[in-house]
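Asker: With the input below, show me the fold.
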Amino acid sequence: MLVVRCKCCNKELKSNTKTQVCGCPNKMTLKEDKVSALDLSDVVMVQSNVERKTSTLSSEDLMFQEQRRQRKIRKLDFEVR
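Answerer: Just a heads-up that it's a prediction; the model follows:
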């Protein structure tokens, strides 16, 4: 969850799936983990607990993918008649 405060109007917004706007001339908007405003120097992040997704691949799968990436490409020569 993300909590952001606008310095112009001192309005705090909590992150949500819907777009939220503070309503002052700075036009700070917040949607999920994205913050935008006309002047970002007037925006303060009060709380930011952004959860990062962990990798779904196991270590064995990652090793297999790395080995596969390092394979050489075989070029085929065809006879031209």
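
Asker: Local confidence estimate at the spatially most central residue of the chain?
Answerer: The structure's the chain has its C-alpha centroid closest to Asp33; by C-alpha atoms, centre = their mean the separation is 7.5 Å. You'll see Asp33 listed with a pLDDT of 86.

Asker: residue boundaries of the helices in the chain?
Answerer: Remark: helices assigned in the chain by DSSP state H are 59-69.

Asker: Give the closest residue to Ser36 in space, chain neighbours not counted.
Answerer: Thr29 (5.1 Å; C-beta to C-beta, 6 or more residues apart in numbering). Any C-beta I mention is one placed from the backbone N, CA and C, and that applies to glycine too.

Asker: For that neighbour, give its distance to Gln67.
Answerer: 45 Å (C-beta to C-beta, to the nearest Å).

Asker: between those two, which one's more packed in?
Answerer: More crowded of Thr29 and Gln67, by other C-beta atoms under 10 Å: Thr29, with 15 against 9.

Asker: Could I get the contacting residues of that one?
Answerer: Applying C-beta atoms under 8 Å, 6 or more residues apart in numbering to Thr29 gives the contacts Thr19, Gln20, Val21, Cys22, Val35, Ser36, Ala37.

Asker: cutoff 6 Å now
Answerer: Thr19, Val21, Ser36 (C-beta atoms under 6 Å, 6 or more residues apart in numbering).

Asker: Just these: which are in strands?
Answerer: In strands, defined here by DSSP state E, the members of these are Val21, Ser36.

Asker: Nearest to Ser48 among the contacts of Thr29?
Answerer: Ser36 (15.2 Å; C-beta to C-beta).

Asker: Okay, the closest one and Val4: tell me how far apart.
Answerer: On the measure of C-beta to C-beta, Ser36 and Val4 end up 10 Å apart.

Asker: So for those two, which residue has more residues nearby?
Answerer: Taking other C-beta under 10 Å, Ser36 and Val4 do not tie; Val4 has more neighbours (22 against 13).

Asker: Next, count neighbours for Ser41.
Answerer: When neighbours are counted by other C-beta under 10 Å, Ser41 comes out with 8.
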